[in-house]
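In: model this:
(chains A, B and C)
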Amino acid sequence: MSENYWLRLKNNQINRRGFLKVGAAAGVGAGALSLVGCGDDDASTAASSSSGSGKPVRGGTLNVVKGQVDEGIDPGLKVINNTDLLSRIYNHTHLYKVSTNEFLLDAATSMEQPDAQTITFKLRDDMKFHADGSAVTAEHVAFSWSRFPDLLENQGSQVNASNWGFIESVDAIDSSTVKVNLKAPSASAPVLMATTPFGIVNKAQVLASENNNVQEEDAGAGPYIVTRRDATGVSLARYPDYYKHKNPSNHFVEDGPYIDAQETRVIVDRAAIKAAFLSGDIDYVPTINDRLEFEEFTNLDFAKAAEVGSTEARLLAFDNIKFTDKRAREAISLGIDYEGLIRTVYAGDGIYDGPIGQALKEMALDQKTLKSYRKYDPAEAKKKWEAAGSPLDKIRIECNQDPRSTSLGEFVAQSLKKSLGVETEVLVHDISTWVARAREPEKQWELFVVPYGASPTPESYSMTMMNPNAFAGVSWSFGMDQPNAGLVADAQKVVDLVEAQSAEVDPEARIEKLHELQRFILDDVLVGINMPVPGHSYIVYNKRLQNFPEDDYLLGSLFMRNHDMWIAS
Amino acid sequence: MSEISNTTGPPPLHELEVMPPKRRLDGLRRFLKQQRLGSFGAIIIIIIVFGAIAAPILHTSDPREFGENILVSPSGENWFGTNRDGRDVWSRVLYGGRVSLKIGLATVILTILGGTLIALVAGYLGGIFDFILSRMGDILIAFPSILFALTLRASIGEDMPGLGSFLPADELLLVVAICVVFTPVIFRIMRGNVLEQRNTTYVEAARVIGAPESRIMLRHILPNLLGLMIIVTSTTLPAAILTESGLSFLGVGVDIGTPSWGADLSGNARIYFSRAPWIAIFPGLALSVTVLAFNLLGDALRDALDPRLRGQK
Amino acid sequence: MQAYLLRRLIAIPFMLIGITLLLFFLLFLRPGNAALTNFGLVNPDQACDKGERGTYQSTGSGCEGGLARLEKEYGLDRPFFVQYGDWAIHAIQGDFGLSLKNRRSISAQIGERLPTTIEIGIITIILSTLIGVPVGIISAIRPGSWIDGTLRITTIIGISVPNFWVGTLAIMLPALWWGWTPLARSYVNFVDSPLTNLSIVIWPALVLAIGSAAYVARIVRSSMLETLYADFTRTARAKGLTERIVVLRHVFRSSMITVLTVIGVQLGAILGGSVIAEQIFAVPGLGLLIFEAIMGIDYTLVLGGMTMFALMFMIVTLAVDLLYTLVDPRIRY
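Out: Below is the predicted model of the structure:
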């Protein structure tokens, strides 16, 4: 990789704004790419929030816990509750390090953007698939990235169209070159292509499988293989033929990850998870969002705790068909005691949220603006409700079993009962049923509580919730096929604004467009209410884990990797 | 539900049939004097029922309302402290008593009446009725109660209507589910008794006279079952309360937010136990004391109504 | 005796049919199931939503192709009795089909988890007998004494405290007092490591045994009191036998019948209690498996698991009834 514009940027401190600015300034026009360690130069270690002390040691088993069994390990099909596995079993052309805004090359030796709508990758030549030892080639990459529409259409894939919709086609030019053609310039494309769904899947295995998926098989070429997978958990062991990362880029280790194996245990009960951590049986506690729960883990000499800003979002979505009159939606918004929610459910530590989460910094709106949209005025709410004809006698609020969801649902139910005088009911279901109840055409609820995590791009999570072409259309009845003409016009405008920001590569302009989009949603559309969220997120982990990527863990579960984490003896 | 087995037998006929009214009150006095533990249990029950009914005036706050005083230890303001939602645990215990007692009572009334009637029909009429009903009972008994109640809930839970605010859908479903699993057991116990009575002389006499079956069942046999019914009631009620609590503990009983002794013991109670043990201790204590009181009373009733054990204490 | 045995054995399959038919019916009533929710649908009767837009469209249900294929694959489009019949035929051969949720073999999953629950059950029964019977006997020998009084109060408390509360306290209090908890972190098989396995399984068994032992003690006490004053005991005493022999040989023997009955009755409570105990102590047993299956409407798994439970129950009941003949020569079928 010789003289290249991007190399010159390598050692700069690049923040998000600068990163996008560079591309525009260079006049290349397309999404700028910050490439680290293209191959010849030695890796510079960008500051990680917890660097290890002492020399890295090989060996050991990482003990991970999950609250529920995974639903399958096909990366194109399932993304809920399996990223801890997918990130180890599968490899990617590149990964994205959220905390430092870097791209890390993995399977690819180079990633280039010759023009605004093309991205090409060159692949290594020594990668093998676990199952049959066959070589990983461009053909596999092209296949993996082209199967999304079919999976969505025919197998109810959880991978939303927003995650891959920018792809026009993916071609294997030769056995080690992949060319991705974009429909339009997309600033988020490189980041989205680093997420778990884009793991490289063994084409032969998929085609040979019964159901055209690899839900139950290990079809990857990543550093670990699956040795056991059942209802109590999953065991992973190092893949002996894993390729070497010669001249490893940041955060990849030449001889493969330091840690030898991983044990994922399924423990449903939160108290049991705590006990397991206290006795050293698991190495870290899944993200804690409750300050009080976090306090249970402080003062432990064997544990380290990290705190970051809010990484949560909680959306209270409408079944928009039942709330066609905008005043009805406004009434609901005015009828919830947001400050009360923060004081009680969040124990005083809460911040306001908008369609784009605070983790995306300047792209989100500021607290003052958001707060102004979330006023609590029961009298006004009642007036608006009646002006809209008191459309509903009973409001059902659908939640899943997660306490984050149920506490919110309960609080909203009580708030609305007090301010509007309507009957409320909180319905609780397990996750699969809850998801299905969101998608079924005739909704059996009026309000729906969705907790979700921070997204590194506006497209992931945030916009999918509001985009008629994504969740909003299917789940919140906010689509272009609704009978209400006003709703349809609004939906179209949202789609246009989303596409506009997606194609905007100038960072300042993009931020402007995102703000415009959010204001439009908050002012005119109100497809759902972004509820206040806890002010902080926490992770607690055993000190024996060295170089644990704290910030990345909290902000980027879609990009997990642990090559350079090791276990101190 | 394990207590219910017919090991101590029915009260003998002459005890209940020929006692003149005046001496019944004597019986009560005798009961209070001899069965001290049982009387103690009865008093506890009265206190608990009073607490449940009079909850609003007993220094309580809304048990569902989220509060700002979170995980406060027991104090003058919050006698049992507060939980993670800022709710007063004392209020949750008192109002939880309402839910548990209500469901327990409804279940018991339906089960005892239903089980006895079915047992009467099966035991007395015999033949094909008895066979089919007994086999149906056997099938239902083969399921562990909690799992079967869960299955029922999964099956018909969504479509369950409620009976107004008095017995909302989730509570009605609990009542139905627990009834379905308890009735076969009651049926078995009662049926044994009915079979015994069927062969007694006085029943034969009635038949010879030409009394219709229904009259024999209702006027002759049923009254003799009363003693057993009372005893069984006193053991079924705590069993029903325990089952409801168990289901609520698992998260499949009452709706979220409803105060219930079992529900309050799950989830947050355990996560915060190390610094707020009162969350888990008080509801559990309330539950244990209530069940204990009913068991004490039940024991005493059984002693009082079954002379075989009397005089052996 | 032979005839009785034969009758009981023949009854078992009919009972199983009745049980499974009832379960199947209950679960069939519900319009949705795990396979459908996995696919993103709750009720297959609802019109599938297919928009006209291009690849951005998240169709969700992807109906004609996907749903139809799904229903065909699981045989969900067949009439009730056909589905039942098919399931039953396979079940007899030990094949309970595939879990609707994650398509793993149900028999395999049950096989993994059943031994654990059986283990807990056996240990519970042993413990409750070892504790309950002596307590009951002591209580019965000296009725009215302070020992009897204390034991009676203890046992009545034992049957009153809810097992999930005791279990919770058993986990939390040691953590509070001694910084240690009996919670199972990683479960190991008995075969792999007997001692560790026992150290994990003993706790849920103990918690369940508290209620069970108390119940056994009470029953033993009351049945012994009955026999202690019965005619045949008076005869034995009149013959001049020592009190000890009277108690041990005669009274005890007839009490064993009651104990056996109790075991049979308790089994239901123990199996049911295993659901709670397994959840609290995080032990992967059959009870917990069924519970999770019910929550996830994985109804083929529910069917398989509950059938196993019912089968176990019937077998043990039959064994208990047969044991009666050993204990009491009067009982002949």
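In: Need the distance between the two termini of stretch A:68-87.
Out: One end of stretch A:68-87 to the other measures 17 Å (C-alpha to C-alpha, to the nearest Å).
In: Can that stretch be said to contact chain C?
Out: Yes. Using C-beta under 8 Å from any C-beta of the partner chain, stretch A:68-87 reaches chain C at A:69, A:71-72. Glycine gets a C-beta too; all of them are placed from N, C-alpha and C.
In: got the contact list for C:R218?
Out: Taking C-beta atoms under 8 Å, 6 or more residues apart in numbering or on different chains, we find C:R218 in contact with C:136, C:152, C:155-156, C:159.
In: top of those residues by neighbour count?
Out: The residue in the contacts of C:R218 with the most neighbours, by other C-beta atoms under 10 Å in any protein chain shown, is C:G136 (28 neighbours).
In: Look up how far chain B lies from the nearest residue to that one once chain neighbours are set aside.
Out: Closest residue to C:G136 apart from its sequence neighbours, by C-beta to C-beta, 6 or more residues apart in numbering or on different chains: C:V220 at 2.7 Å. According to C-beta to the nearest C-beta, to the nearest Å, C:V220 stands 10 Å off from chain B.
In: Kindly indicate whether C:V220 is helix, strand or coil.
Out: With DSSP: H, G, I helix; E, B strand; the rest coil as the basis, C:V220 sits in helix.
In: What's the local residue count around it?
Out: C:V220, neighbours per other C-beta under 10 Å, totals 27.
In: Not counting its neighbours along the chain, what's nearest whichever residue of the stretch 1-150 of chain B sits closest to chain A?
Out: Nearest residue of the stretch 1-150 of chain B to chain A: B:F66, at 3.9 Å (C-beta to the nearest C-beta). In space, and not counting its chain neighbours, B:F66 is closest to A:T344: 3.9 Å by C-beta to C-beta, 6+ apart.
In: State the pLDDT value of the one you found.
Out: You'll see A:T344 listed with a pLDDT of 92.
In: got it, and A:G60?
Out: At A:G60, pLDDT is 90.
In: tally of neighbours for it?
Out: Counted with other C-beta under 10 Å, A:G60 comes out at 19.
In: quick one, phi/psi of the residue nearest to it when sequence neighbours are not counted?
Out: In space, and not counting its chain neighbours, A:G60 is closest to A:I567: 3.4 Å by C-beta to C-beta, 6+ apart. Backbone torsions of A:I567, given as degrees, to the nearest 10, read phi -110, psi 120.
In: Next, count neighbours for A:I567.
Out: As a burial measure, A:I567 scores 21 neighbours (other C-beta under 10 Å).
In: Then C:W180?
Out: 11.
In: give the contact list for it.
Out: A:279, C:174.
In: Quick check: pLDDT value at it.
Out: 75.
In: Tell me how far it lies from A:G280.
Out: Applying C-beta to C-beta, to the nearest Å, the value for C:W180 to A:G280 is 12 Å.
In: ditto for B:T235
Out: Going from B:T235 to A:G280 by C-beta to C-beta gives 45 Å.
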